[in-house]
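Q: Dropping the sequence and predicted coords here.
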Amino acid sequence: MKATSILALFVVSIAVIGGCDRDRMSERGFSLPAGDPVAGRDTFLYMQCHQCHMIEGEEFPEIAGLDPPYVELGGPVTRVKTYGELVTAIINPSHKLADGYPPELVSEGGESNMYVYNRYMTVQELIDLVMFLQPHYDVIVPRYDYRMYP
């Protein structure tokens, strides 16, 4: 009986320890405070995001000597761009490369061409930038045509 109790305690301990490791990298519970979208637009300009990105409905000053921006942010999407996805795209741009663009425009060797701003952008600037970007995404429901079978 004592051996069974010790074995049961051991099994429960392993399960608890194993469960803890799984949640250590979870995004669950991740939330930053509310930001200021006007300050986010200022951050977008200050960090010169507009040298590569454009946002429909937004006018930004041209940067002399550079080609027009080629990666559009915002617009119609079929699923919500979550707060976490936008934060990840800014602080880890190689996590998921932009879809729908020629690979040579957005990446080199599988890594994003986007500059990593982590050492230069404050947390407040990140929060404000995400608050500026998120409302520019318009979620649309995809239309599916189903064939009716007799």
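A: Cool, got the structure. Numbering: from 1, shown residues only.
Q: rest of the way, CA atoms for contacts and neighbours
A: Noted.
Q: Is residue 73 in contact with residue 54, as I believe?
A: Yes: under the criterion of Cα atoms under 8 Å, residue 73 makes contact with residue 54 at 6.1 Å.
Q: So for the two, which sits in the more crowded spot?
A: residue 54 (18 against 15; other Cα atoms under 10 Å).
Q: Tell me where the protein has helices.
A: Under the criterion DSSP state H, the chain contains helices at 2-23, 37-46, 83-91, 103-106, 123-133.
Q: Out of these, which gets the lowest mean score?
A: Lowest mean pLDDT within the helices of the chain: helix 2-23, a mean of 55.
Q: Report the separation between residue 58 and residue 90.
A: According to Cα to Cα, to the nearest Å, residue 58 and residue 90 sit 19 Å apart.
Q: ignore the last one, residue 108
A: Counting by Cα to Cα, the separation of residue 108 from residue 90 is 17 Å.
Q: Of the two, which one has the most company?
A: Counting neighbours by other Cα under 10 Å for residue 108 and for residue 90 shows that residue 90 has the greater number, 19 against 10.
Q: which residues touch the more buried one?
A: Contacts for residue 90 (Cα atoms under 8 Å, 6 or more residues apart in numbering) come out as 116-117, 126.
Q: would a markdown table of those with neighbour count and distance to residue 85 be doable?
A: What follows is the contacts of residue 90, written out as a markdown table (neighbours: other Cα atoms under 10 Å; distance: Cα to Cα, whole Å):
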| residue | neighbour count | distance to residue 85 |
| --- | --- | --- |
| 116 | 15 | 16 |
| 117 | 14 | 16 |
| 126 | 22 | 13 |
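Q: wait, which of the residues you listed is closest to residue 144?
A: Distance to residue 144 across the contacts of residue 90 (Cα to Cα) is lowest for residue 126, with 36.7 Å.
Q: list the contacts for the closest one?
A: The neighbours of residue 126, taking Cα under 8 Å, 6+ apart as the test, are 40, 87, 90.
Q: Between those residues, which sits nearest residue 78?
A: Looking across the contacts of residue 126 and measuring by Cα to Cα, the closest to residue 78 is residue 87, at 19.0 Å.
Q: Could you find the closest non-adjacent residue to that closest one?
A: Spatial nearest neighbour of residue 87, chain neighbours left out: residue 130 (6.7 Å); criterion: Cα to Cα, 6 or more residues apart in numbering.
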